[in-house]
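K.L.:
Dropping the sequence and predicted coords here.
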Amino acid sequence: MIYNNSEVIPMEQRLGNIISSKAGGTAGRGAKTYKISLPTAWVQALGFAEEHRQVVLSFDGDAITIRPKRTMEAFKALALSKDHQLLEMRYYSGNKLCTRICVDQTSREVLAENCTDQLVKTAFGTNELPTWEDFESFLEERCVPRERSGLREYLEALGLEEYDPLAIVRKTKGRMAEDDQWLEVLP
């Protein structure tokens, strides 16, 4: 059984075959590609359409999961329907919005939408599927280093008792001396 928003959905299983073929283009000698055909009913139930075909594939070492790539609005709606704690941020370069970030702090999932083609100005660069660890690293990059001498005094000046990158970013907006990028943490 699968539980979706407190609704019980019976799990359907089918046998299928993996289709393998030689990889083309610039692939190495002997390289192959693999494809799997999915039942139309499953694809339609997931909400795929000709104009919305992008998927997120996950592999946990035992199983592959396929789900539609969520929009920011769908990501937020799903988290809120589960009573999860959400955090929203906007990452700017000067006054130009570069990345919208939504973090489900309960499930530790991150969704980022870039608003610029200049990848160097975005929060996660070319990484379109940032993980919780990527998010934590990003926050630390927008803070004073943990090893900085005088850190205790710096934290006291901010009114903080311990090194907490999110709390520091809330106070400093993630501003750094070497660039004009900053973060807005939405209430």
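P.N.:
Alright, I've got the coordinates. Numbers count the residues shown, from 1 in each chain.
K.L.:
give me the low-pLDDT residue ranges for this protein?
P.N.:
Counting by pLDDT under 70, the low-confidence segments of the chain come to 1-9.
K.L.:
go again using 80 as the cut-off
P.N.:
Under the criterion of pLDDT under 80, the regions of the chain flagged as low confidence span 1-10, 47-53, 187.
K.L.:
got the residue ranges for the helices in it?
P.N.:
In the chain, the helices defined using DSSP state H lie at 40-45, 72-81, 132-141, 151-158, 165-172.
K.L.:
Break the chain down into its domains, please.
P.N.:
The chain is divided into the following domains under automatic domain parsing: 2-68, 72-185.
K.L.:
that older thread, so which of the helices of the chain is nearest Val56?
P.N.:
Between Val56 and the helices of the chain, the tightest spacing by Cβ to Cβ is seen for helix 72-81, at 11.1 Å. (Glycine included, C-beta is placed from N, CA and C.)
K.L.:
buried sites along the closest one?
P.N.:
75-76, 78-79 (16 or more other Cβ atoms under 10 Å).
K.L.:
What is that helix packed up against?
P.N.:
Packed against helix 72-81, as judged by 3 or more Cβ pairs under 8 Å, 6 or more residues apart in numbering; DSSP states H and E, are the following elements: strand 86-93, strand 96-104, strand 109-114.
K.L.:
hmm, 6 Å instead?
P.N.:
strand 96-104 (3 or more Cβ pairs under 6 Å, 6 or more residues apart in numbering; DSSP states H and E).
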